[in-house]
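>>> Structure, please.
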Amino acid sequence: MSKYFSGRKAPAPRWHNWGRTVSCAPSRTELPSDALQISRIVTGAAESGATVKPVGAGHSFTSIAATDDIRLDLRNMRGLSGVDTTRKQVTLYAGTHLHEIPGLLVPHGLAMANLGDIDRQTISGAISTGTHGTGLGFGGIATQIVGAKLVTGTGEIRTVSAGDDDLRAVALGLGALGVLAEVTVQCVDAFCLRAEERPRTADEAFGTFLDEVAAQDHYEFYWFPHTSQTLTKTNTRLPAGTAPDGPGKVRRYVDDELLSNKMFRALCEVGVKAPRLVKPINQLTSRALSARTFTDVSTGVFTSSRNVRFGESEFAIPLEAVPEALRDLRNMIDRKGFRVSFPIEVRAAGADDLLLSTASGRDSGYIAVHRYHRDDPADSAAYFAGFEAIMVGYGGRPHWGKLHTRDASYFREAYPGFEEFLAVRDRYDPDRVFANPYLKKVLG
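Residues are numbered from 1 along each chain as shown. Next up is the predicted model:
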């Protein structure tokens, strides 16, 4: 056991992220239980010239969490650290998974204001990469952060609170500023959502997107490539205690698990073996889309089970550019002859003031493309490259945890607060204890 750590140490087998797009071989894995133990690890690493990287649930598709040096596993730092019911704020240990948070908040009558559709990530990983949901009146999850405790590159345990300018960097810090130990989340009163899902033609969904996101609490749609069909989803906020209705548990299990996961995985496997069948499969399944409406607690509507492995790229572009960008994407897919089994996801978020938020300073539309993890790698890479070229043409900002090839020279132009973030980084991690190849590429 090292002289600077008094916690548990685990063997360090080769690590893979969830999507199987990244792997690495850490020299060792440490399992701290509090900020003091993290500080000892970081201090020792700095003294020996090593680097440190915390890894959450591995749901980033980029190598943002990859390391061949010291890996931090925060599984022992989960749960509530504190609750302020008057301010509707909760402090969570950084290793807490999003799916664990609802159970922690229910006794206090609270909920997170907005979520994405996947809840396997840790809270620290989600905010550090810019995870978001949809809703023009809401920002990404990092905008809900009003305080944080982190260990800097010098081993200092620092607390950043609302009103501190550094919070604009720390709340979405890419893991470049320190190891988050605790984060304080601004919650809201618990609420329910009424979800309305219905098929629309692609032309209708593209053309009405700006009106829908302006009119609805939460709006998104999925377009099925090689078809003229989309599935739209509108979520309307309702008071807590609204009676649940709509399809029962069995029907929702059939829709969300059997059809959306097990059957979809089987169809993706068919597409791997016979790419020529992807188009007719998409056309067949899109014709089977049907409308449904249901009401549930917020987390029961926001999040869904996603068990089919994939790689993903997502860019944020100016909101008003979304319809034209989608038409460009459709033309590119047809022109280059790609066979894409996964639907394309389209969402929106309101402008915020976080330095490296993809919605920093502008209302943003998000377009996300996916490929099944067993699709031909060269074809998938070409698809992502074609998508990225279109998004860059609209001034796109890639999601920090999803596949892209942008570097620091691009981000310097894309983010007005980029240099300010680098200045914060120089203060928090002057010796680059938290650096890895990904951060060297995107931050310089």
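>>> What segments of the stretch 201-350 of the chain are helices?
202-215, 249-253, 264-273, 278-287, 298-302, 322-336 (DSSP state H, counting those that start in this stretch).
>>> tell me the mean pLDDT over the fifth one?
Per-region confidence: helix 298-302 scores 95 on mean pLDDT.
>>> Can you give me the buried ones in stretch 159-170?
For stretch 159-170, the neighbour count (16 or more other CB atoms under 10 Å) marks Val160, Asp166, Leu167, Arg168, Ala169, Val170 as buried. Just so you know, the C-beta spots here come from the backbone N, C-alpha and C atoms, and that holds for glycine as well.
>>> wait, which of those residues is closest to Leu326?
Nearest to Leu326 among the buried residues of stretch 159-170: Arg168, at 31.2 Å, using CB to CB.
>>> pLDDT value on the closest one, please?
98.
>>> tell me the phi and psi of it?
The phi/psi pair for Arg168 (degrees, to the nearest 10) reads phi -70, psi -20.
>>> now it: how far from Phe342?
34 Å (CB to CB, to the nearest Å).
>>> thinking again about what came up before, identify the farthest-apart pair in the buried residues of stretch 159-170.
Top of the distance list for the buried residues of stretch 159-170 (CB to CB): Val160 and Arg168, 9.7 Å.
>>> if we can go back for a sec, quick check: helices, which of the buried residues of stretch 159-170 are part of them?
Residues of those located in helices (DSSP state H): Leu167, Arg168, Ala169, Val170.
>>> which of those residues lies closest to Glu47?
Of those, the one sitting nearest to Glu47 (CB to CB) turns out to be Val170, at 24.2 Å.
>>> How about the contacts made by that closest one?
Residues counted as contacts of Val170 (CB atoms under 8 Å, 6 or more residues apart in numbering) are Ile145, Ala148, Leu150, Val160, Leu177, Gly178, Val424.
>>> next one: Arg347
Per CB under 8 Å, 6+ apart, neighbours of Arg347: His132, Gly133, Thr134, Glu220, Gly365, Tyr366, Ala368.
>>> Identify the residue nearest it in space, chain neighbours excluded?
The shortest distance from Arg347 to any non-neighbouring residue, by CB to CB, 6 or more residues apart in numbering, is to Thr134 (3.6 Å).
>>> Please report the distance of the one you found from Glu345.
9 Å.
>>> and what of Ala214?
19 Å.
>>> Residues in contact with the lengthiest helix in the chain: which ones?
Across the chain, the longest stretch assigned as helix under DSSP H is helix 377-393. Residues from elsewhere that reach helix 377-393 (CB under 8 Å, 6+ apart): 311, 313, 315, 317, 325, 328-329, 332-333, 336, 338-340, 367, 369, 371, 396, 398, 403-406, 410.
>>> Do me a favour and average the pLDDT over whichever helix or strand comes after that helix.
Per DSSP states H and E, the first helix or strand lying C-terminal to helix 377-393 is strand 397-398. What strand 397-398 shows for mean pLDDT is 98.
>>> Check stretch 31-50 too.
Stretch 31-50 comes out at a mean pLDDT of 97.
>>> got the buried residues for that stretch?
For stretch 31-50, using 16+ other CB under 10 Å, the buried residues are 31-33, 35, 37-46, 50.
>>> Can you give me the distance of Ser39 to Ala45?
Taking CB to CB, one finds Ser39 at 11 Å from Ala45.
>>> Touching both of those two, which residues are there?
In the contact map built from CB under 8 Å, 6+ apart, no residue is linked to both Ser39 and Ala45.
>>> element containing Leu146?
Heads up, residue 146 is Val, not Leu. Going by DSSP H and E, Val146 is in strand 145-151.
>>> Residues touching that strand, excluding its own?
Contacts of strand 145-151 (CB under 8 Å, 6+ apart): 35, 38-39, 42, 89, 91, 127, 157-162, 167, 170-171, 177-186.
>>> repeat that for 6 Å
By CB atoms under 6 Å, 6 or more residues apart in numbering, the surrounding residues in contact with strand 145-151 are 35, 38-39, 42, 127, 157-162, 170-171, 178-184, 186.
>>> next one: stretch 72-88
29-31, 33, 54, 90-91, 93-96, 104, 108, 110, 182, 187.
>>> tell me how far the ends of that stretch are from each other?
30 Å (CA to CA, to the nearest Å).
>>> Would you indicate which residues of it are buried?
For stretch 72-88, a neighbour-count test (16+ other CB under 10 Å) marks Leu72, Asp73, Leu74, Met77, Arg78, Leu80, Ser81, Val83, Lys88 as buried.
>>> and if you look at stretch 300-311?
Buried residues in stretch 300-311 (16+ other CB under 10 Å): Gly300, Val301, Phe302, Thr303, Arg306, Val308, Phe310, Gly311.
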